[in-house]
Every structure is written in structure tokens, then in C-alpha cells.
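> dropping a prediction and its sequence here:
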Amino acid sequence: MNRTVLRAEQLQAFYILDMFGTRRVVKAVNGVTLEVRENEVYGIAGESGCGKTTLLRALYGAFDPPLRLIGGKVYYGIEGKEVDALSLTAEEKKRLRWEYISYVPQASMSVLNPVVKVKETYRDFLESHVRGKTRDEIFEMAKEHIAALGLPLTVLEAYPHQLSGGMRQRVTIALAALLKPRIIIADEPTTALDVVVQRGVIQLLKSIQENLGNTIILVTHDMGVQASIADRIGIMYAGKIIEEATVEEIFGNPLHPYTRYLINSLPRFGDKGMRESVPGSPPSLVNPPPGCAFHPRCPYAHSICQEQMPDFFEPVEQHKVACWRMGEG
Amino acid sequence: MEKLLEVEHLTKVFTLGSLLSRIRIRAVDDVSFDIRPAEIFTLAGESGCGKTTIARIILGFEEPTSGTIIYSGKRGTKNEKVWFTENVQAIFQDPFGTFNPLRTVERYFFETVRNYRLARTRAEAIRLIDEKLRAVGLSYEELAGKYPNEFSGGQLQRISIARALLTDPKLLVADEPVSMVDASLRMSVVNLFKKLKDEMGVSVLYITHDLATAYYVGDRIAIMFRGNIVEMGPVEKVLMEPLHPYTRLLRESIPEADPSKRWGKRITLTETEYQEYLRVGCKFAGRCPDVMAICRNDMPGYVEVDGVLVRCHKYTGETAFGESA
Amino acid sequence: MRVLRDLFRDYRFVLSFCVLCLLLFLAFLTVFSPYDPTLWGVVPRDLKPSWKYLLGTSSKGQDVFWQATFAVRNSLIISVIAGVVSRVIAVIVGMVAGYKGGITDRILMFVSDSFLVIPLFLIIVMVAMLVRQMMNLVTLGLLLAIFGWAWDARLIRSQILSLREREFTQTAILSGTGTLPLVLKEYMPFAIPLVFSTLINNMSWAIGMEMTLAILGLVNMDIPTLGTMLQWAISYQAMLLGYWWWILTPVVLAILLFVALYWLSVSISEYLDPRTRLQRVGAQ
């Protein structure tokens, strides 16, 4: 089994909003425990509004107000040792970013500087992290990197707005991989992209992962994309990870009732039989249901489900489920 | 069989650019298709292929450059528009944009009832509204007094469908109705289309880029590429045995919810959208794996192959397949 | 009402509300005035403030306190007329231009822009000179209104332009709503914060304009307003002669009025801003 590169333990991060005297607390990340290993693609799946983006920001250490860290721990595995990610100083965080862990946010525009050509952004990154090279050498590095990933060299000479959405996304991903980080976090990299372009983006991510042998944490609600690239998947619901297993297990043997509904609702080619979506509506993160947050929509809910949040059970090797039914065996 | 809606040789040209460099883009290029009663007709293609423009023209929000739309035998051309919004309703892509965020959702229902004179008293109106809401799995009580942001995306789309059903339309134009709805809630909206077709004989023009739901719910499908329909026919045939190279590429690129069916080949993305629009000849020639010399010069005509209409030189019979450029 | 309760959390709203209430109260007091404000010499001249004459008396032989009540009342009347009438014009022009587009839009914007580039001040001065003797509160208000709508018409027009492209416009059209009800019901809630804040700004401007015209002697000097009061005090050299109560009264009242109106406008338009409003809607 590979080494752990990132680990979260009962992580809690809430948005605290104060407006006109009323206080709203959005429990976006409400006790997340997960484990990501070296040389794998870890997918985080869940509906919109379940807290996925917030989880990524918390794992990356970006606690900008109104987001606040409430509790729990995040550990990075750097060179075999565990480092407490939440207690790093700003200086240490800055050094780690882009070299150890890089982040591709949801809107592809925000990483590339819109007023300069792409090559300038690349140069800036390289110059601030790589010492002892001349400008020309740095430019060569950028060109090699782009070419190695199969992107046309012309993108370097373009401004971000001149590129199509898909190309921008790929350029941003290439930038995130520039300094060969151990972990790349990608937040919904293919949403709003056409299906053929999406394939190009996903294949790029896959080839980066294979070349560098690092880890990619990919957040998307599109289960088809998860099936095509992820090695292991964590299913997120109402701010918690409720199931974590290999991709084959999740699709072939989903155990949590929510996961079962999710997998069964996906349309498949060759089968026009009736499919049902998950009943009920997504829970509010301001007032999540007590106990197991899925119990109002769950056909198997017992009384304990309404009172206590279940811990992880492991009914199958390497397949964790947070459901009281699993405890009954 | 009597046709509900006929689109004949519809063309829409947009001119972009400044005074000095004008580009004319044929967003919709000689498109013809028809929709029959009680059928779900899918118009599929990637963004920028012209499908939304077609929807807007059908609904009257945009004027075509040429071509006609015949609704149930009555013509609606550029100059004499005969508009039956009672019979043709629409739902849109963004459920949260469909309703004014500063007004309660029920207002739109009452307005529709009043404007089309569907009820005489308020009580009657509420009964009608409740009936339509129940058809989509909701009720008037759940709706009363609430603003759009109090519902989920899936619920709002269903509410939007309920509003469209108030006038008992025969045709529902659904423009990307589930692309902004979570994967877990999509089925609830899409199953509704099936139900409307089966139980109430409503036809749906389902516009989407999501071929998985298109396969699940559609009866016939037309694949569009850069303004042209390249393949059209029963959904089972077109999506399971695609003829046109573009349809094949689309079909292969869909990530299937099955880890054992991952993509094999790598693809390269090169040409820009504009270049493809401006091509003479077949617009897909730039990326087609089976491209031939004739493809770059001549736009292929429609050929019927086993019940499916294809626009590709591979099937036009004059050129033998296997002759590469 | 919940709206008022939320507004009262903002200190600016509270203060401005109190000041305005005070001023309105003063204006209301004119009903009880023992003196006719247009008459001179009804009280002994140039007396300092005392219990009998709360703010002293002026060189014209008028009680400053009671003059001030009329001044406040009249200034408010002028500014309200100016503000309301110009809003109505701005809204009509802006909405029609924004929704209709095309030729109608171009013509209306041409007219509006003309009003913007013409040196308003000179025109107002000219007109005021011509009709000075016929000027009363209402005509002055209307005159100011005619010159106050152009800027905001354009603001409202651009708001309408962006709303026209949103999908709920199409929903309303498919619901069978005609153009006029659509614009009124769908767009008004978005336009109201604009209208409101510009209303208050416009009122401020009108008061200032009136005062300027008064100092130039271009209004009917017999009608007491903040401007005319100030002008009389200046022309009688109240500052030099040390009659501070006479000149400070209109100045202080004017400042209070400006600040209160400004704070009111800012706090209300922040409250009504659709972006913050959306966060509150349905949040309970």
C-alpha cells in the first residue's frame, strides 16, 4: 500500500455570516475524515452544496473569512514525516504552495493573469520558485513542459481571454503541474466544458499523474468523470465523507444508501430501463438533520440514525462506510 | 402521421466583428426536421452548434435569416408570425434564472392563469395550479409564499415545467433543462418528460449536450455540429451504432459511469470554433479521422442509411469508402 | 415592521431618521406660527436668542425661529416636488428606452444626453431671471425637476437593458405578460433602490440649487426658504455685525438636512441592494 500524502481527521470548517444582526452558520465541512495516498487519483463526489469546494479550500489551508476553521486536523506527508498543515505559518504555506501542493480552482480564469500573456504567468511562477537560471532558460523550461503535455506552443503567446474555455483549463492545469507538486487539487475542472473537450482535460490530468507519479484530488459531481479517472473515491454528503473505497467497489458494490441511489440513478447506454433519482431534497447546511444527515431521505432509517452520526465501519477490506446498518453486519 | 412542428431549411447568420473585419457565422445552416405528436425529439450537440439558436427562433425570441417554421400546419415565417404560446411552452437551462429572485414563484403561475383566462375565480386558479404541481410531484402548499432561492435546482426545474403545463401545451421546448441540475436530481426532471409524453401526449424538444440522458429519454435524435445536422434518426440506432464520424467521436468521449469502460485512444484538440464555422465543404473535415479529398470542398447531402439520415461523404455512394485524402 | 427594525440597526439610518423627524416637526410647527412670515417688523430687531425669542430676531424684524420653520418647510416642499417629478420622468424615459430599444431608445437618449451636456446652471439662471416674479414653490420645484432627470434616466435604462437579457424575462413573456406589466412587475423591484437613492440625492441637489439661486437673488425673496433666509442675512451683513443667530440658523439647518439626507440614502440603498436583499430573502 502506498504512503499517505494527505490526511484529514474530523475536519470542521464553517462559514460564519453576520448580516443585519442575524448570524448564519453554514456547516460546510462538518467532521470530514479521509486519507489520500501517493500515486493515485482520489475523487471527491457529491451534490452541489454538499461542501466539496469548501473541503478543498480547507485541505489547501485557505481559510479566508467568512470561512473559519472550527476543529479537526489536516496532515501532509512530506518526505515520510507528518506535518500539521493547519499550524503552518504563512511563510511555510507560501513555500509549499505550487511546489508541494497546487490548486486548480473552479473558474479557470482566476489563476491566469488576464492582462498578460500566458508565458508571463508561467515565467513568474518559475522565477519565484526556481533559483539560478536565466530568463531564457526559464522560458525553455516552460516550453518543454507545455510540449511534453501535448499542448500547442502557440498558447504561450496568447492572452487568457483569447483561449477557449477548454484550452484555458488545460493551460491552468499545466501550470499547476509545472513545479512537479506532490498533490494537485482540481475543483470541478470539467464543468461547463463540452464532452470532447472534457475528455482532453481529463486525459491531460491522467497523463500528468502517470508521468509524475503524484496524487491528484479531483472534485466533481459528474460520476462519469469519476469512473473514468479516479482510483479511489470519497462520497461527500452534508459536509461529511460517508463512503470511501476504490472506484470499482463504489460503482460495483455501493454500500451506503445514498451511494446506492446515486449509482443507480446514472443513465447508461444500452439500457433504457426506468431509473430513479435520489428522493427528497439536499439537506440545508445551516440546519443539517441531527444524527446521520441522510436519515430523512433514507428508506432504512432506524431510530439511532436520527440521534447519532455513525463512524466509519469497514465491512469490506479498504471500503469504509459511515452507516449504522454496516455495524449490524 | 401528422406533424406537430416542421422546421424547414432554417438558417440564421450572425455577423461578428468590427467595420473592418466582419465574419459571418452561419449559426444555423439549412436545418430541417420535424416533431411528431407524443414524441421526445432530442437536439444534441456541443456548445456553439446552434441548438439554442434554433430554440430561440422556434419560440419567437429570434428572427431567422431564412426558412420557415410550420406549427401544426400553420406557417410562421419571418414576416407573418403566428404565435401560439398556449401550445408551445419552454423551460430553460438555469433554474434560478428562470424566476425573478425578488418575486415569489407562485406569481408566475397566477399570471399565466390570468393572461390565458384559464380560471374564473382564485379558488379555481389554485386548484388548477395545484393539479399541475402534483403532476410534477409537488403541491401548491409547498410553493405558497416562497422565493426561488428556497428551492433546490431540481425542484425549481420541476416547478418551471408545471408552469409550462398550465396552458396544456402540445410542445415543450426544453433547452438544456438538466445541465445545471445535480446529477442525483436529474432523473426526477427527465423522468417527468417521459411521463408527460406517455400520460398526456405532450411532445418535448429536448435540447442537450448530455448524450446519456438523451439516450435514456429520447425517441429520435438529431446530432448537430457547427450549425448543421449531421445525423438524425431513432435514438437507439444513432447512439449505439453511430454512422457519422462526429457522432462516433461524441459517443466515445462520453465518460461512462463504469470504471471498466475507460477511454482508450487519446485525442488532440486543435482547430478553433471560428475556423470550423468558416470551412467550405464539410465542417468536420479538420478533425475527421476518415476525411477524404471531397470532404474539404463539397458539403455532403443527406443520405438515408437504414432509417437514419446522415450527412457524410462516406455514405453518398459516389466515393468508395476507404479512399483517404 | 421587520424592514424598519432591520434598518434601525444601521446607526446612520437612526441618526438621519431622527434629524429628519426633527426637521419635519419644525416644518409642521408652521401651522402654529404666530407671525406671518412675509411681514417685516413684527418684532423688535436684532435681539439675541432668549426665552422669548428662541433664536433671536433678524434685522428685518422677524423672529428667526419661526422664520426657520417656514424656511425648512418650504425648502422641503421644493425639494420633494423636484425629486419626485424628476424621478417620474427618469423612470418613464429610462424604462421605455431600455425595453424598447431601437429608434425609440436612440431618440430618448439623445434628448437625455442633451440635457446632460447643456450647462444647466446657466439655463436655470436664465429661466429664473425671466420668471422671477412668477416664481413660487411649485414652479421652482418643477423647474429644478426638468433639469434633474437626465442622469438617472440613463442609469435606469442600463439596469433595464441588463434585466431584459435575463431568463425570467422570457418566462414572463411565455406567461403571456404584456410589455407594460412586465416592466412594472419584473423590473421595478430592481429599479427601486436606484430610484430611491437617486431621489434623495436629487432632493439634496435641489436644496443646494435653491440656495444658490437665492444667493444670486434669482428667486422670489419674499418666500422664506433656507436660501432666501441666508441671502437676507448676508445682504444685511449679519456676520460682520455679529448677529450670528440669524446667519447660523439657515447654515446649520442646511448642513443637518444635507447630512441626514445623505445618510438616509446610503443606508436605505444598501439595504435595498438586490445583492444583499437576496441573501435575506427566504433566509428566515
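Structure's in. What do you need?
> could you verify that C:Thr69 is part of a helix?
Yes: C:Thr69 sits within a helix when classified using DSSP: H, G, I helix; E, B strand; the rest coil.
> for residue 42, phi and psi?
I'll assume chain A. A:Tyr42 has phi and psi values of phi -100, psi 120 when expressed as degrees, to the nearest 10.
> hmm, no, I was thinking of chain B.
Here is the backbone geometry of B:Thr42 (degrees, to the nearest 10): phi -100, psi 130.
> what does A:Phe313 give?
Backbone torsions of A:Phe313, given as degrees, to the nearest 10, read phi -110, psi 160.
> what is the burial count for the closest residue to it other than its chain neighbours?
The shortest distance from A:Phe313 to any residue other than its chain neighbours is 3.8 Å, reached at A:Met326 (CB to CB, 6 or more residues apart in numbering or on different chains). Every C-beta, even on glycine, is put in place using the N, C-alpha and C of the backbone. For A:Met326, the tally of surrounding residues (other CB atoms under 10 Å in any protein chain shown) stands at 19.
> which residues touch A:Met326?
Neighbour list for A:Met326: A:255, A:310, A:313, A:315 [criterion: CB atoms under 8 Å, 6 or more residues apart in numbering or on different chains].
> can you rerun that using 7 Å?
Residues touching A:Met326, when contacts are defined by CB atoms under 7 Å, 6 or more residues apart in numbering or on different chains, comprise A:255, A:313, A:315.
> closest to chain B among those residues?
Within the contacts of A:Met326, proximity to chain B (CB to the nearest CB) peaks at A:Leu255, which comes in at 16.4 Å.
> burial of the closest one, as a residue count?
With neighbours defined by other CB under 10 Å, the count for A:Leu255 comes to 21.
> re earlier: relative to chain B, how far out is the residue nearest to A:Phe313?
21 Å (CB to the nearest CB, to the nearest Å).
> redo the contacts of A:Met326 as a markdown table? Include pLDDT.
Supplementary listing: these in a markdown table, determined by pLDDT from 0 to 100:
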| residue | pLDDT |
| --- | --- |
| A:Leu255 | 91 |
| A:Phe313 | 88 |
| A:Pro315 | 87 |
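> distance of A:Leu56 from chain B?
Relative to chain B, A:Leu56 is positioned 18 Å away (CB to the nearest CB).
> doesn't that residue belong to a helix?
Yes: assigned with three-state DSSP, A:Leu56 falls within a helix.
> secondary structure class for the residue of the stretch 51-200 of chain C found nearest chain B?
With CB to the nearest CB as the measure, C:Gly176 is the residue of the stretch 51-200 of chain C nearest to chain B, at 3.0 Å. The three-state label for C:Gly176, taken from three-state DSSP, comes out as coil.
> name the nearest residue to it, ignoring sequence neighbours.
Computed as CB to CB, 6+ apart, the closest residue to C:Gly176 that is not its neighbour in sequence is B:Asn115, at 3.0 Å.
> tell me the domain ranges of chain B?
Structurally, chain B divides into domains by automatic domain parsing as follows: B:5-226, B:242-325.
> show me the contacts for B:Tyr140.
When contacts are taken as CB under 7 Å, 6+ apart, B:Tyr140 is in contact with B:126, B:129-130, B:133.
> go again using 10 Å as the cut-off
B:106, B:109, B:125-134, B:162 (CB atoms under 10 Å, 6 or more residues apart in numbering or on different chains).
> what do you get for C:Leu248?
Contact analysis of C:Leu248 by CB under 10 Å, 6+ apart lists C:55, C:64, C:233, C:238-239.
> for PyMOL, write the selection for the buried entries among these.
Here is the PyMOL command that picks out the buried ones among these, judged by 16 or more other CB atoms under 10 Å in any protein chain shown:
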select buried, chain C and resi 55+64+233+238
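> near chain B, from the contacts of C:Leu248?
Contacts with chain B within the contacts of C:Leu248, as defined by CB under 10 Å from any CB of the partner chain: none are present.
> max-length helix in chain A?
Criterion DSSP state H: the longest helix present in chain A is helix A:195-212.
> with chain B instead?
Using DSSP H to define each element, chain B has its longest helix at helix B:183-200.
> that one close to chain C?
No: on the criterion CB under 10 Å from any CB, helix B:183-200 is out of touch with chain C, staying 16.4 Å away.
> returning to that earlier point: packed most tightly, which of the domains of chain B would that be?
Per-stretch averages of neighbours, counted by mean count of other CB atoms under 10 Å in any protein chain shown, single out domain B:5-226 among the domains of chain B, with a mean of 19.
> contacts only, for the residue nearest to A:Ser277 when sequence neighbours are not counted.
Excluding the flanking residues, the one nearest A:Ser277 by CB to CB, 6+ apart is B:Met187, at 3.5 Å. Each residue near B:Met187 by CB under 10 Å, 6+ apart is listed here: A:261, A:264-267, A:274-278, B:154, B:178, B:181, B:213, B:216-217.
> relative to chain C, how far out is B:Met187?
In this structure, B:Met187 and chain C are 23 Å apart, going by CB to the nearest CB.
> what of B:Met299?
Remark: distance between B:Met299 and chain C (CB to the nearest CB) = 33 Å.
> again with A:Ala58
With distances taken as CB to the nearest CB, A:Ala58 is found 23 Å from chain C.
> any chance you could map the strands in the stretch 101-250 of chain B?
B:171-175, B:203-208, B:220-225, B:228-234 (DSSP state E, counting those that start in this stretch).
> now stretch C:93-104 - C-alpha only, PDB.
Output in PDB follows, covering the C-alpha atoms of stretch C:93-104 (Å, rounded to 0.1, in the frame of the first residue of the first chain):
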ATOM      1  CA  VAL C  93     -37.800  57.600 -20.000                       C
ATOM      2  CA  GLY C  94     -35.300  55.000 -18.700                       C
ATOM      3  CA  MET C  95     -37.800  52.100 -18.900                       C
ATOM      4  CA  VAL C  96     -39.200  52.900 -22.300                       C
ATOM      5  CA  ALA C  97     -35.700  53.400 -23.700                       C
ATOM      6  CA  GLY C  98     -34.300  50.300 -22.100                       C
ATOM      7  CA  TYR C  99     -37.000  47.900 -23.000                       C
ATOM      8  CA  LYS C 100     -38.000  49.100 -26.500                       C
ATOM      9  CA  GLY C 101     -34.500  49.700 -27.800                       C
ATOM     10  CA  GLY C 102     -34.000  50.700 -31.400                       C
ATOM     11  CA  ILE C 103     -35.100  54.100 -32.600                       C
ATOM     12  CA  THR C 104     -37.100  54.900 -29.500                       C
END
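> touching chain B at all, that stretch?
No: no part of stretch C:93-104 sits near chain B under the criterion CB under 10 Å from any CB; the closest distance found is 13.6 Å.
> which residues touch that stretch?
With contact meaning CB under 10 Å, 6+ apart, stretch C:93-104 is reached by C:105-109, C:111-112, C:149-150, C:152-164, C:169, C:179-180, C:182-184, C:187-188, C:191, C:194-195.
> roughly how far is it from the heart of the chain?
The chain centroid and the centroid of stretch C:93-104 are separated by 26 Å, computed with CA atoms, centre = their mean, to the nearest Å.
> and for stretch A:56-66?
Relative to the centre of its chain, stretch A:56-66 is centred 13 Å away, using CA atoms, centre = their mean.
> sorry, back to before: chain C: which of the contacts of A:Met326 is nearest?
For the contacts of A:Met326, the residue nearest chain C by CB to the nearest CB is A:Leu255; the value is 35.9 Å.
> which ones are touching that closest one?
Per CB under 10 Å, 6+ apart, neighbours of A:Leu255: A:242-243, A:245, A:249, A:313, A:315-316, A:319-323, A:325-326.
> quick one: buried residues of stretch A:95-109?
By neighbour count, with 16+ other CB under 10 Å as the criterion, the buried positions of stretch A:95-109 are A:96-98, A:100-105, A:108.
> an error on my part: the question was meant for stretch A:62-70.
Of the residues in stretch A:62-70, those scored as buried under the neighbour-count criterion (16+ other CB under 10 Å) are A:67, A:70.
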